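Chemist: take a look and give me a structure for this.
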Amino acid sequence: MKAILFYLLLIIPLSSFSQNENDTTIYLDSTYSRTTVGNHKYYAIIKNTNRKKKEYEVTQYYLSGKIESKGLSKSNEYFDATGEITSYYENGNVKSLKYFKEYYPEGKCTFWHENGIKKAEGEYVIVPNKEFKDSKNSRLKVVNYWDDKNVQKVIDGEGELEDDGFIEKHYLHSVSNGKIKNGYKDENWTGKSKNPNIQFSEIYKNGELVSGISLDESNQSHSYSEIMKRADPVGGIEVFYKYVQNNFIQPESQSFKGGKVLTKFDIDENGFIVNVRNIKSLTPEVDIAAIKLFENFKKFMPAEYRGIKIKTSYIMPITLQGNN
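Modeler: Model prediction:
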């Protein structure tokens, strides 16, 4: 059997949809995960993807056609941000100005409220990634903060503020209030989110979450030490990789030229794979095989948000070599 090349992606969009012969259009859902046209809330156009370059111009749009963000990408398949990236509210006002290096924001940044008033000045600092030891992450250090009435609440890294998601970057939106010390979240923070509908109380030290307790709709409490825990295959990710490699059988026809099928699936609150669908097809035979492959995988440990099990999505590209 020919070798199968694959890797696992979490909310990283890929596409073969094109606006014209030189550009690529990417369709994204409300969580900025790759989806199909008609199911999208945003879309991005990558310019001149027919030519191999170091950087590509990208403009991302709201469903209304208003610009959501723009900048440069190192990839011609998805928005791999590099350099200066400007984001906008749907009313046209600037939302943020950040600088990216190797996919992460780094260095000075500025944020604005939707009414046009400056929200915050800060700096992204590179820190170790606790979940993936060989990678890194970036943490926002807030220097100055103003509320939407232009009242300054944080001065030189000291004060209190409302975090509506500009510090805590998760696709599950929350609003929280608390103290800023030396530019980072510190001591007690309280907040709420709508989906899932919860209230929470957390303790921070120097920007790191120490512990948290959330209260769900049933008034049940949940303790946690990390805000978002990803869904993982039972037995570990290597078991999942081996399952894919050992169980996917590609077409035997000598005329099969190879290519890539892109399959998306949900992992429900119990850890079962549901709603398997291909968002980039290859051939009917490969498409059916990809869907069956993931439908038959045993189980995941479900994702958790503030201690509460939630449904999440995975995107799995499988690249097949040709038989000739």
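Chemist: drop to CA atoms for contacts and neighbour counts, all remaining ones
Modeler: Noted.
Chemist: ok, which stretches of the stretch 51-200 of the chain are strands?
Modeler: Secondary structure of the stretch 51-200 of the chain (DSSP state E, counting those that start in this stretch): strands located at 56-62, 67-73, 81-88, 94-101, 104-105, 107-112, 118-128, 136-146, 152-155, 158-163, 174-181, 184-194, 197-205.
Chemist: out of those strands, nearest to residue 28?
Modeler: Shortest distance between residue 28 and the strands of the stretch 51-200 of the chain, using CA to CA, is found for strand 56-62: 9.7 Å.
Chemist: so for that closest one, what's the average pLDDT?
Modeler: Here strand 56-62 scores 97 as its mean pLDDT.
Chemist: how about the strands of the stretch 51-200 of the chain in CSV, adding distance to residue 33 and mean neighbour count?
Modeler: Formatted as CSV, those follow (distance: least, CA to CA, whole Å; neighbours: other CA atoms under 10 Å):
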stretch, distance to residue 33, mean neighbour count
strand 56-62, 13, 22
strand 67-73, 15, 22
strand 81-88, 15, 20
strand 94-101, 20, 20
strand 104-105, 17, 22
strand 107-112, 23, 20
strand 118-128, 24, 18
strand 136-146, 20, 21
strand 152-155, 34, 18
strand 158-163, 23, 19
strand 174-181, 19, 20
strand 184-194, 20, 18
strand 197-205, 22, 19
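Chemist: make a markdown table out of these and add distance to residue 310.
Modeler: Converted to a markdown table, the strands of the stretch 51-200 of the chain look like this (distance: least, CA to CA, whole Å):
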| stretch | distance to residue 310 |
| --- | --- |
| strand 56-62 | 26 |
| strand 67-73 | 27 |
| strand 81-88 | 28 |
| strand 94-101 | 29 |
| strand 104-105 | 26 |
| strand 107-112 | 30 |
| strand 118-128 | 26 |
| strand 136-146 | 23 |
| strand 152-155 | 34 |
| strand 158-163 | 22 |
| strand 174-181 | 15 |
| strand 184-194 | 13 |
| strand 197-205 | 12 |
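Chemist: indicate which one of those is closest to residue 46.
Modeler: Comparing the strands of the stretch 51-200 of the chain by CA to CA, strand 56-62 comes nearest, at 4.6 Å.
Chemist: quick one: contacts of the closest one?
Modeler: 41-49, 67-76, 79, 90 (CA atoms under 8 Å, 6 or more residues apart in numbering).
Chemist: hmm, 7 Å instead?
Modeler: Identification of contacts with strand 56-62 by CA atoms under 7 Å, 6 or more residues apart in numbering yields 41-47, 67-74, 76.
Chemist: determine which two of these are furthest apart.
Modeler: 41 and 74 (23.4 Å).
Chemist: pretty sure residue 192 contacts residue 213?
Modeler: No: between residue 192 and residue 213 there is no contact under CA atoms under 7 Å: 11.4 Å.
Chemist: what is in contact with those two at once?
Modeler: residue 200.
Chemist: ok, now which ones touch residue 278?
Modeler: By CA under 7 Å, 6+ apart, the contact set of residue 278 is 262-264, 287.
Chemist: format the residues you listed as a markdown table; extra columns: secondary structure, pLDDT and distance to residue 169.
Modeler: Putting the contacts of residue 278 into a markdown table (DSSP: H, G, I helix; E, B strand; the rest coil; pLDDT from 0 to 100; distance: CA to CA, whole Å) gives the following:
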| residue | secondary structure | pLDDT | distance to residue 169 |
| --- | --- | --- | --- |
| 262 | strand | 89 | 26 |
| 263 | strand | 93 | 25 |
| 264 | strand | 93 | 23 |
| 287 | helix | 91 | 34 |
